[in-house]
Every structure is written in structure tokens, then in C-alpha cells.
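Asker: next comes the sequence, and after it the predicted model I'd like to discuss.
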Amino acid sequence: MRSLALAAVVVSTAAGLGGCSVPARGNEPPPAGERTVVVDVRWSRFSPSVVEVPVGTTVRFEVRNADPIAHELIVGDDSVQDRHELGTDARHGDRPGEISVPARSTAVTTRTFSRAGRVPFGCHLPGHWAYGMRGTVTVG
Amino acid sequence: MRRFVAAVAVAAAVVLGAGPALGCGGLIGRNGTVSLVKTTTLAAYENGVEHYVTSFRFAGAGGAFGSIVPLPDVPTAVERGGDWTLQRLVREVSPVRLSARADAARETLAAAPAEVLLEARVDALDLTVLRGGGDSVGEWATQNGFDLSPDAPQVLDFYARRSPIFLAARFDADAARQRGLGLGEGIPVHLTIPTANPWVPLRILGLGRQANERVDADVFLLTERRPALLPGDGARGIDVARQQPASRSLLADLRSDAGMGWMPEDMLLSHVKVAASPADLTYDLAVDASEAGRPSVVAAGLSDGVVDPVTGGGAGNGPGRLMLWATIAGGVAVVTAAAAAVAVRLSAGGRASA
């Protein structure tokens, strides 16, 4: 399962800038269902920074933070991102697609993508979003 | 915010709008923005020993703030610095303004836990010398209440590859106020560091800064001979504003300050002005005071290679370093003033977003 999910994501550059899509099997998109996407965090960058999934996919984000500082993964539309950028909650984990990831640890959150489109994700600890700690889930 | 042969001294002066401040590097305010606008540091080398003098400045507001300073080697002493050394150096290169003022007023360690090598208390500053890789030092910092900016992991790795020694300074602004430290006053700190590696950390001054901000710093070098610098004069963000024999009066004034009796009789003063955007400030200042004209590209942070293509050695241990050390031990005196530390916010529990 994990290998399929990993193959379905887009691998970004080391700097987290840009990225290229890697389809799961040749040019065919993987079937809808549940997928695990491993998101590595290093030097305050997500890798991959672009994830592609079919409509209806439930994604289990496994976030592996290798940094000595805390991060978080917030998946949601712009309004969600805006709310978190201005918010002050100490921890995340109760809502699907939102998880705090302490330094050098792994955390998991799950979210279902029921509509086609682009859904941003990012970290909203002070300065992290502006630093470029963000990415996109492309649903289609 | 953040040592030397004849003597390397670094003086840090920080100007903040509102809120606590630390000398020596980029300061992260409570809202995540950087308030630090100017840093001055003095460092000096004498007989293979670096004397590093910097100042942590209190700007009024409460709370605890911290700073992490990359060091070239393990210090043997961390103590209170002299009372006027940094100010006197600034005065030496600012004759007009000072005159007006006078008129008006008169590696591989990455996975291992960071090792605490030395602890000291200077006024309202708690100082800890650490040895460790970027990750382990970062982890130590977060576990001890430092709120590191998102670029910190990469910057700490950048330094740990060359020298795994860091100074962490915790500044308690409330304690400073209770001790009667006035607005704008600084706490000078003097580090004595036997080392063969005279580089001045500059990149760390951009830590936590926004892309549209500017890093300004004064770096003073005192050497017995004319030093070769890398990057040199004219490089982006580097201006060698002065390079001439230090005046008798300057050296006498520095020598008369507390703990500064080691200052030699004759030195060459270089004043290097740093003015760059954080994006451009991707280097440190390597110094070769041997007249060989071969400052290390590794020490300057311009190469990640273990082997220095110029000196044949690395920035840390190795032929290049030994060569430099031999030069220094041979009587080269270097005094450098630079902005070389990073102030980071200390937090009780950290914060996440909404």
C-alpha cells in the first residue's frame, strides 16, 4: 500500500521548490480508495511538496519530521490556511488533515478528498508558511 | 551577538524598536518579525588564542530571549567583557558622529545529543557552550526554551559541518531590569578560545530575517599584518571601509578596559562593513592573516567540501587549519569585529496555529 501511495505523489526538489508529478503506474492514475503518503520534513521543507490523488481518495498523511524544531501539517482550503496563519492553538490533532509534529518525530493525520481541485497544505508555526513551508494536494 | 590570535574581538550592538533585544545577530520578536537592525562585534587573536567580545543589549520589554553563536573552537573561559571596548571600536571608525556625540554629551555529531562543555552566568545572561551537530544543538535549544526560526535547522547544519561548537545565550530581560540595567545598555561577554581557525560568522546574522530585510554589521579585524579576506572587498555585501595601523590611542584604550590587558602594542585595524539581504548573506568571513593571501573557501562557507581547494585542508582540523594555526602562533594578530550571533526567542511552551 505504501509503495503505491509513494509512487502517486509528486517529488519536489530538495529545496522544496517546484516539483514533478510521478504517476502511480505509468500514465494511469491510481484507483480511488485509501492511500498513505509519507511526507518528509527537513530544513523546514515538505518533501514531496505536491501530492496527486484521485477524487474520493482518503489520504493518510504520515509526516516524518527530521528537524530539531516542531512543525505541523494543515491540509485545507485557503480559508483554513488563513485561519491557522492567524490562530494561536497550541496543538492540532482533533480535526482530519490537521496534525502537530514535534521535533524529530512522526505523526499521522487522515483526510478524504471528495472534490476535484487543488488543496493547499502547510505549516503555520510562526514564520514557517512565509519561509515556504507549504505544498499542494492535486485532486482529480 | 557572537574571539582571536593577537586578539579577535567582536562587538555587537543591537537597536530594537520595542521589545527585548540581544546583541549579535538576528532577533526574532514576539510576532515573528525581526527587530534587530545593526550588529557590531569585536574579536582578536593573540598567540593562538581568540578573544571574542560581544554585547547583549537590553531594549526594555520583558520576557526571556536567547542567542546561538557559532564558535570556531571550545572556549576556555566565558566571562564578563570590558566596559567600553566595543564602543571604543565603533568610535574609532565613526569619528564624525562620535565627535558630534562628544559635543552633545561627551558533524558527524549530528545524531548524538549535544554535549554541554561549559556554563557561565554573566549578569542577566546564562551562557552555555555546546558541542554537537546542527540537529542535536537545535534539539538542545528547543528543549531549553529557545524558539528557533524555520531557517534555523539548515543554518545550524551549515555551521556544524565546519565547527560543532556553539554558544547559547539566554537573556532574561525581566532579570536585567531588576538588576537596574537601563534601556539600551548591553552586557558585554568575553570568550577566550584557543583556535586556529579565524573565521567570522556572518550568515547567521540573517537567521529569522524576512527576504526584504537587510543585515547590517560592523566587523573589526586587528592583525599584525594585512589580512586576506574572503569574500573580499567589493564582493556583494562586503565593504572594507578601513585598513590601516591601529592608532596608539585606540590600542591603549582597549588595553585599559577590563580583561583586555592582552592587547598587543601594534596592530593593523580593518573595518569591514556588511550590508546585505538575508538571501545574499550565504557566507562567512574567512581571514588569512599570514600574508599568504589564502583565506579558506571552506571557512568562508563557500564550499561544503571537506578539502579546501585553496589551502588543501578543511576549515576545521586538517592541513589548512594547521597551516593557519602555525601562522597565528607565529605571531599574527587578528582582531575582527562582526555581527555573528543569532538571537532567538525563548518561549515557555511554543505555539501552534489555530
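Answerer: All right, it came through fine. Not measured: the values here are computed from a predicted model. Residues are numbered from 1 along each chain as shown, chains lettered A, B, ... in the order given.

Asker: quick check, the residue in chain A closest to chain B?
Answerer: A:G87 (1.5 Å; C-beta to the nearest C-beta). Where C-beta positions appear, they are placed from N, C-alpha and C, glycine not excepted.

Asker: got the residues of chain A near chain B?
Answerer: Applying C-beta under 8 Å from any C-beta of the partner chain, we find that chain A lies next to chain B at A:42-44, A:66-70, A:72, A:74, A:83-92, A:100, A:103-104, A:123-128, A:130-131, A:133.

Asker: just the ones in strands from those, please.
Answerer: Residues of these located in strands (DSSP state E): A:42, A:72, A:74, A:100.

Asker: setting aside sequence neighbours, what's the nearest residue to the first one?
Answerer: This means A:R42. Nearest residue to A:R42, sequence neighbours excluded (C-beta to C-beta, 6 or more residues apart in numbering or on different chains): A:A66, at 4.8 Å.

Asker: show me what contacts that neighbour?
Answerer: By C-beta atoms under 8 Å, 6 or more residues apart in numbering or on different chains, the contact set of A:A66 is A:40-42, A:104, B:135.

Asker: where do the helices sit along the chain?
Answerer: Since you didn't name a chain, this refers to chain A. A:2-8, A:78-86, A:128-131 (DSSP state H).

Asker: other chain: chain B
Answerer: For chain B, the helices defined by DSSP H occupy B:85-93, B:95-104, B:134-143, B:152-160, B:173-178, B:248-256, B:319-329.

Asker: mind listing what the residue nearest to A:S47 when sequence neighbours are not counted touches?
Answerer: Once flanking residues are discounted, A:S47 sits nearest to A:D40: 4.7 Å by C-beta to C-beta, 6+ apart. Each residue near A:D40 by C-beta under 8 Å, 6+ apart is listed here: A:46-47, A:64, A:66.

Asker: swap the cut-off to 7 Å and go again
Answerer: By C-beta atoms under 7 Å, 6 or more residues apart in numbering or on different chains, A:D40 lies in contact with A:47, A:64, A:66.

Asker: how about the residue of the stretch 51-200 of chain B found nearest chain A, what does it touch?
Answerer: Closest residue of the stretch 51-200 of chain B to chain A, C-beta to the nearest C-beta: B:G138 (3.0 Å). Residues near B:G138 by C-beta under 7 Å, 6+ apart: A:68-69, B:148, B:152-153, B:156.

Asker: just those residues: which has the poorest pLDDT?
Answerer: The lowest pLDDT within the contacts of B:G138 belongs to B:L148, which sits at 89.

Asker: count of residues packed around that residue?
Answerer: 31 (other C-beta atoms under 10 Å in any protein chain shown).

Asker: name the nearest residue to it, ignoring sequence neighbours.
Answerer: Of all residues not flanking B:L148 in the chain, A:I69 sits nearest, at 4.9 Å (C-beta to C-beta, 6+ apart).

Asker: re earlier: let's have the contacts of A:A66 in a markdown table, adding pLDDT and distance to B:T85.
Answerer: Below are these laid out as a markdown table (pLDDT from 0 to 100; distance: C-beta to C-beta, whole Å):
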| residue | pLDDT | distance to B:T85 |
| --- | --- | --- |
| A:D40 | 98 | 46 |
| A:V41 | 98 | 43 |
| A:R42 | 97 | 41 |
| A:R104 | 93 | 40 |
| B:D135 | 93 | 35 |
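
Asker: re the thing from before, ranking the helices of chain A by mean pLDDT, which is last?
Answerer: Mean pLDDT values for the helices of chain A show the minimum at helix A:2-8, a mean of 34.

Asker: thinking again about what came up before, from B:D147, how far out is the residue nearest to A:R42?
Answerer: 19 Å (C-beta to C-beta, to the nearest Å).
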